[in-house]
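Asker: sequence plus predicted model, see below.
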Amino acid sequence: MNAVDYLEKEVILKIDRPLGSRHPQYGFIYMLNYGYVPDTISGDGEELDAYLIGKFEPVKTSSCKVIAIIHRTNDDDDKLIVSKNGNDYSDDAIRTLT
């Protein structure tokens, strides 16, 4: 499935970089829970990555709704934006949070 096919769908997110953790290569701190949707494949051949917004403590997994997609123009690695509570966020809010 293409990332767009997941819009408005419920997914299970596996968090491999919880809120407050440090990126293993670049050293920046994750201000959101960041992970992937297991058993999916994105354009880069890896599982679809996702930012979890609306959950402000570290988690390991989350059932959530895909509310947006960040389309990256420099590579083929789009990011899902998922919300635990199913709330919608403005484009500006998503840009600020991610």
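Answerer: Everything's here; your move.
Asker: please, where are all the helices along the chain?
Answerer: Counting by DSSP state H, the chain has these helices, from start to end: 91-97.
Asker: how about the contacts made by the closest residue to Pro58 other than its chain neighbours?
Answerer: Nearest residue to Pro58, sequence neighbours excluded (Cβ to Cβ, 6 or more residues apart in numbering): Pro18, at 3.6 Å. Yep, even glycine has a C-beta here, placed from its N, CA and C like the rest. Going by Cβ atoms under 8 Å, 6 or more residues apart in numbering, Pro18 touches Tyr30, Asn33, Tyr34, Pro58, Val59, Lys60.
Asker: could you do Cys64 as well?
Answerer: Cys64 sits in contact with Glu10, Val11, Leu13, Leu52, Val82, Ser83, Lys84, Gly86, where contact means Cβ under 8 Å, 6+ apart.
Asker: hey, what's the residue positioned nearest the centre of the chain bridged with?
Answerer: Closest residue to the average C-alpha location of the chain: Ala50 at 1.5 Å, with Cα atoms, centre = their mean. Assessed by DSSP bridges, Ala50 has beta-bridge partners Gly35, Leu80.
Asker: which ones are touching it?
Answerer: With contacts taken as Cβ under 8 Å, 6+ apart, Ala50 has the following neighbours: Val11, Leu13, Tyr34, Gly35, Tyr36, Val37, Val66, Lys79, Leu80, Ile81, Val82.
Asker: and Tyr89, by the same measure?
Answerer: Contacts for Tyr89 (Cβ under 8 Å, 6+ apart) come out as Ile53, Gly54, Ile67, Ala68, Ile81, Ser83, Leu97.
Asker: may I have stretch 71-82 as CSV, with CA atoms only?
Answerer: Below are the C-alpha coordinates for stretch 71-82, written out as CSV (Å, rounded to 0.1, in the frame of the first residue of the first chain):
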residue,chain,number,x,y,z
HIS,A,71,5.7,13.9,1.7
ARG,A,72,9.5,14.2,1.5
THR,A,73,10.8,15.5,-1.8
ASN,A,74,14.5,14.6,-1.2
ASP,A,75,13.9,10.9,-0.8
ASP,A,76,11.2,8.3,-1.1
ASP,A,77,10.4,8.1,2.6
ASP,A,78,7.1,9.7,3.4
LYS,A,79,6.1,9.9,7.1
LEU,A,80,2.6,9.2,8.5
ILE,A,81,1.2,11.6,11.1
VAL,A,82,-0.9,9.7,13.5
